[in-house]
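J.: 3D model of this:
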Amino acid sequence: MTNEETISMSRKPRPVAIQSAGTAPAGDVLHLNYPPQVTAVAEARAALGQALDRTGHRLYRERARLVLDELLWNVVVHTSTEADVRVVAGAMHVLVEVADGSQKPPLLERPPPDAHAGRGLLIVDELADAWGWSHRDAGKVVWARFDERSWRSAQWPGNGQIL
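T.: All right, here's what the predicted structure looks like:
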């Protein structure tokens, strides 16, 4: 992914290439395809938690699960296409990608306080250390990155413990 291909949705930096510098394995820790069904959200959230626990990336577990939840809900509600979930881990970070079959870009909105919906990407923006999206094949991919040395990782309740 080049700078020209990536359209960032926040002021946070876009991810760089995954590199392993420690004991945790680098590479794909999860790569699954889900139908545009509500049940897929819980299945993906559980699979991600298990994968991060299994590979020693518990520090990112709860934030990554919440972000994946929001990104998959967006696919189910706004695109009605299959979702391709890919999680890549390095020694000091995790990258969550959700690809779908829609060319429609994600919109970071600020709904009024009494609105019942529209806060998903605000949640992603608060929990991820960086996030954005890019066009891919016949659709797009929305990604979120979680970094070990970020203030979010240091201040997150449980700080890597299973809650």
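J.: Backbone dihedrals for the residue of the chain most remote from its centre, please?
T.: Distance from the centre of the chain peaks at D114, with 26.5 Å (C-alpha atoms, centre = their mean). Backbone torsions for D114, taken as degrees, to the nearest 10, come to phi -90, psi 0.
J.: just V96 next, same as before
T.: Main-chain torsions, V96, degrees, to the nearest 10: phi -110, psi 130.
J.: how many neighbours does it have?
T.: 28 (other C-beta atoms under 10 Å). In short, each C-beta sits where N, CA and C put it, glycine included.
J.: May I see the buried residues of stretch 60-79?
T.: For stretch 60-79, a neighbour-count test (16 or more other C-beta atoms under 10 Å) marks 60-72, 74-76, 79 as buried.
J.: cool, stretch 104-124 as well?
T.: 106, 120-121, 124.
J.: least confident pick among those residues?
T.: Within the buried residues of stretch 104-124, G120 has the lowest pLDDT, namely 86.
J.: Excluding chain neighbours, give the residue nearest to it in space.
T.: Nearest non-adjacent residue to G120, counting by C-beta to C-beta, 6 or more residues apart in numbering: E70, 4.2 Å away.
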